[in-house]
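> I'd like to go over a predicted model; first the sequence, then the structure.
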There are 2 protein chains.
Amino acid sequence: MKQLSRRSFLQQVGVGAGVAGASLVLPSFVTGQSQKYFGKKLNVALCGLGNYASILAEGLEVSQYCRLAGIVSGHADKAATWQKRYNIPDKNIYNYENFETIADNKDIDLVYIVLPNGLHKEFTIKAARAGKHVITEKPMATSVKDCKEMIDACKKAGVQLAVGYRLHFEPTHQELKRLGQEKVFGQVRFIEAALGYETYDAAKANIGYRKGDPDDWRLSKQLAGGGPLMDLGIYCVQSCRYVLGQEPIAVTAQIIPTRSPKLFSEVEESIIWQLEFGNGVVGNCTTSYGFNVDRFFATADGGQFELSPGLSYGPFKGKTTTGILDFPVINQQAAQLDAIGKLILENKPLPSHITGEEGLKDINIIESIYKAAETKQKVLIPAL
Amino acid sequence: MKQLSRRSFLQQVGVGAGVAGASLVLPSFVTGQSQKYFGKKLNVALCGLGNYASILAEGLEVSQYCRLAGIVSGHADKAATWQKRYNIPDKNIYNYENFETIADNKDIDLVYIVLPNGLHKEFTIKAARAGKHVITEKPMATSVKDCKEMIDACKKAGVQLAVGYRLHFEPTHQELKRLGQEKVFGQVRFIEAALGYETYDAAKANIGYRKGDPDDWRLSKQLAGGGPLMDLGIYCVQSCRYVLGQEPIAVTAQIIPTRSPKLFSEVEESIIWQLEFGNGVVGNCTTSYGFNVDRFFATADGGQFELSPGLSYGPFKGKTTTGILDFPVINQQAAQLDAIGKLILENKPLPSHITGEEGLKDINIIESIYKAAETKQKVLIPAL
């Protein structure tokens, strides 16, 4: 299957390669200036109905190329609420026991896995075997081994596999990528990327009080695969990679001692790491469930560019040496779903930077980050 | 000679140990509420008349306990301008050739060395041998070996030796120190400290254009001892140490490839490093001559505190989990000179955190940072 290059994909979605200061040509699904699409929509089932599924459902409501056609949930009452709200027929509602019978349902084209990280592999493989295309939320899985099994299963089944990297479809980040990869300000030499949230009440940290859900699956090693590095830090890894257009070769990392050993008994609360790229370029990254941080900074031979907020849901605000970064605020999920949905409807391959192979690269790096933190030594990132 | 503890020094300068949210009792030289001092002033000679000497001269003009009595310069025309402006008698003006005759001048009590870093040792030792107390600007010197020689020379001569750590006398930083060392928000677990300036024109970086002086001594390994780590990064090292009240045990570091190999052929343009403290606490630090950054962030068991701007000349703006950090903007140099001058006039020992021993600790850490960057391996910081 032919893979599109990054450049040809950007051209395909209408992002022109400009020069410093030139305006970005936005994809039609951002500007809304294209003709309205009236063809068949891709029928999407959401697997897992947590908080992010609700955000995706909002995206599906305004998507041109995708529609919410089905749901998979272990909670009958939650499924009933969703069914009513989104007018989903009985036959398109599944639970985790009967999920595999989705193979017989011609009205579901794609399953979007929004389960805890540790379940991505199992349900991706089940969906693939049922003949459905798959988007799995990031992180793709909790180990390199699992990622490879998922890729193999989708290839064997002849379905496409995407990872839910929403920022690849967001215009500010498309511009970051252009500024870095096209060396608009010259070679980028240093990146700072940081994303963290204060997820529990600092004043009560000593007694282990977590805002919201004290049994949050994100605190479980088995379900989450790790702490904020898996959930938030992956955006730092991603942004370093796609701004540089390069792969890191080595990493040092430091886990910050937790403020709450009771909450963070299985996964880290905060971690920092330093990605070393081939030509000595460094990416200094920070992630945390204990404090708020959300920024991106890159310095290049002839200038700088930065965002703050930088890696969250935005809206993103930024500047460069020569001006400001001010792009329309879009529905990131709708943009992602539209780009993926359109290609699948046209029976075209997904661009390589959002496929399972891309998800695998990030998990490979994340495994090295954890190894560097645990061994307290620099780790060479293994080739895949 | 009895050394005052940090706590007793803070009490001495009037900084009370409060609780979270309590207001800081400011030193009298900050509030101006003390009675005006009419006694003898310490006669200070500035050795080196560069940019920072001008800032110190402004501090001396408003100092209660010190006065600008003499100057040392290699440029006769510059000396003449200073003489006229500050009404300095002929007999108190020296050049680098006749500097040692300052031993015969009873009207100079202290020499403040504001020369390039690589000359601190030579002139500190000469001043000490001339029987003068010494303040040397930070960094104390360019090697551990030199620092030790300076300390020995001052001890042998029976004069006091201070390093120009202005932030120890600045109320916002005194409060940072209190918040950290007294564990007002619990144990600090992670610090980010960053100070950098864009010192040359980014758009012209490729052709090696530096703002101001193209022959700046800061670009010379011999004169500066290193790049921004020596000049600016030392504030990051300092702030980690005085907020934690602990010494780092190990460090990893990464030099960022320069944007301008022509300018930065001898010293680094940018460097980041990660200080590891005994209990796993991490200080993640950044410094640069290539980009602007100026912040301090600390997260503790029960809260956070941060400044931005954080380590420059200020004015400092900050917040904590429970409120804002809003202290009077003071003349940092005058505060430093007054605190030092008063103690020397009273024939009392300087507090240990501003003496040569303190400067030596920082240079020892900086040597380890450079070693970690060069070897690309974690370096255990040697005991002194």
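Now that the structure is in, tell me what you want to look at.
> mind checking how far stretch A:316-329 is from the chain centre?
Centroid separation for stretch A:316-329 versus its chain: 22 Å, with C-alpha atoms, centre = their mean, to the nearest Å.
> Is chain B within reach of that stretch?
Yes. Using C-beta under 8 Å from any C-beta of the partner chain, stretch A:316-329 reaches chain B at A:Thr321. Just so you know, the C-beta spots here come from the backbone N, C-alpha and C atoms, and that holds for glycine as well.
> for that stretch, which positions count as buried?
For stretch A:316-329, burial by neighbour count (16 or more other C-beta atoms under 10 Å in any protein chain shown) applies to A:Phe316, A:Gly318, A:Thr320, A:Thr321, A:Leu325, A:Phe327.
> Can you tell me which of those residues lies closest to chain B?
Closest approach to chain B among the buried residues of stretch A:316-329 (C-beta to the nearest C-beta): A:Thr321, at 5.6 Å.
> can you give me phi and psi for that closest one?
A:Thr321 adopts backbone torsions of phi -60, psi -30, taken as degrees, to the nearest 10.
> swap in the one 3 residues further on?
Reported as degrees, to the nearest 10, the phi and psi values for A:Ile324 are phi -110, psi 160.
> so it makes contact with A:Gly318?
Yes. In this structure, A:Ile324 is within contact of A:Gly318 by C-beta atoms under 8 Å, at 6.9 Å.
> Just name whatever secondary elements the helix or strand harbouring A:Leu56 is in contact with.
Here A:Leu56, judged by DSSP states H and E, is contained in helix A:51-62. Contact analysis of helix A:51-62 by 3 or more C-beta pairs under 8 Å, 6 or more residues apart in numbering or on different chains; DSSP states H and E lists strand A:42-47, strand A:66-72, helix A:332-345 as its packing neighbours.
> what sits against A:Tyr313?
Taking C-beta atoms under 8 Å, 6 or more residues apart in numbering or on different chains, we find A:Tyr313 in contact with A:Gln332.
> Give me the pLDDT value at A:Arg210.
pLDDT for A:Arg210: 52.
> The residue of the stretch 101-250 of chain A found nearest chain B: neighbouring residues, count only.
Among all residues of the stretch 101-250 of chain A, A:Phe190 sits closest to chain B, at 4.3 Å; criterion: C-beta to the nearest C-beta. A:Phe190 has 26 neighbours, counted by other C-beta atoms under 10 Å in any protein chain shown.
> repeat for the one 3 residues further on
The local packing count at A:Ala193 equals 27, with neighbours defined by other C-beta under 10 Å.
> same check, this time on A:Ala383
By other C-beta under 10 Å, the residues close to A:Ala383 number 7.
> contacting residues around the helix holding A:Leu56?
A:44, A:46, A:66-68, A:82, A:86, A:112, A:114, A:137, A:331-334, A:336-337.
> Quick one: the buried residues of stretch A:316-329 as CSV, columns for secondary structure and pLDDT too.
Output for the buried residues of stretch A:316-329, formatted as CSV (DSSP: H, G, I helix; E, B strand; the rest coil; pLDDT from 0 to 100):
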residue, secondary structure, pLDDT
A:Phe316, coil, 95
A:Gly318, strand, 95
A:Thr320, strand, 96
A:Thr321, coil, 91
A:Leu325, strand, 96
A:Phe327, coil, 95
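> returning to that earlier point: what's the most distant pair in the contacts of helix A:51-62?
A:Trp82 and A:Gln332 (21.2 Å; C-beta to C-beta).
> So the two - more neighbours on which side?
A:Trp82 (22 against 19).
> dump the residue contacts of that one.
Counting by C-beta under 8 Å, 6+ apart, A:Trp82 has contacts A:Leu49, A:Ala57, A:Ile71, A:Ser73, A:Ile88.
> Over to the last one. Which of the three states is it?
Secondary structure state of A:Ile88, per DSSP: H, G, I helix; E, B strand; the rest coil, is coil.
> any idea how far it is from B:Asp231?
64 Å (C-beta to C-beta, to the nearest Å).
> who's more crowded, the two?
Neighbours were tallied for A:Ile88 and for B:Asp231 using other C-beta under 10 Å; the higher tally belongs to B:Asp231 (22 against 18).
> Can you tell me, leaving aside adjacent residues, what's nearest to that one?
Excluding its sequence neighbours, the residue lying closest to B:Asp231 (C-beta to C-beta, 6 or more residues apart in numbering or on different chains) is B:Arg218, at 6.1 Å.
> That neighbour falls within a helix, correct?
Yes. Assigned with three-state DSSP, B:Arg218 falls within a helix.
> number of nearby residues for it?
20.
> dump the residue contacts of it.
B:Pro116, B:Thr199, B:Ala224, B:Gly227, B:Asp231, B:Val267, B:Tyr289.
> before we move on, what about A:Ile102?
By C-beta under 8 Å, 6+ apart, the neighbours of A:Ile102 are A:Ala45, A:Gly70, A:Val72, A:Tyr94, A:Ile108, A:Val111, A:Ala127, A:Ala130, A:Lys132.
> Name the SS class of it, please.
Taking three-state DSSP, the label given to A:Ile102 is helix.
> ok, now A:Leu275?
Under three-state DSSP, A:Leu275 falls in the strand class.
> how about the helices in the stretch 151-300 of chain A?
A:171-181, A:221-224, A:228, A:234-244 (DSSP state H, counting those that start in this stretch).
> So the first one, near chain B or not?
If I follow you right, that is helix A:171-181. No. Against chain B, helix A:171-181 shows no contacts by C-beta under 8 Å from any C-beta, the least distance being 13.6 Å.
> one step back: got the angle between the helix holding A:Leu56 and strand A:42-47?
For helix A:51-62 against strand A:42-47, the angle by axes from the mean of the first three to the mean of the last three C-alpha atoms, to 10 degrees is 160 degrees.
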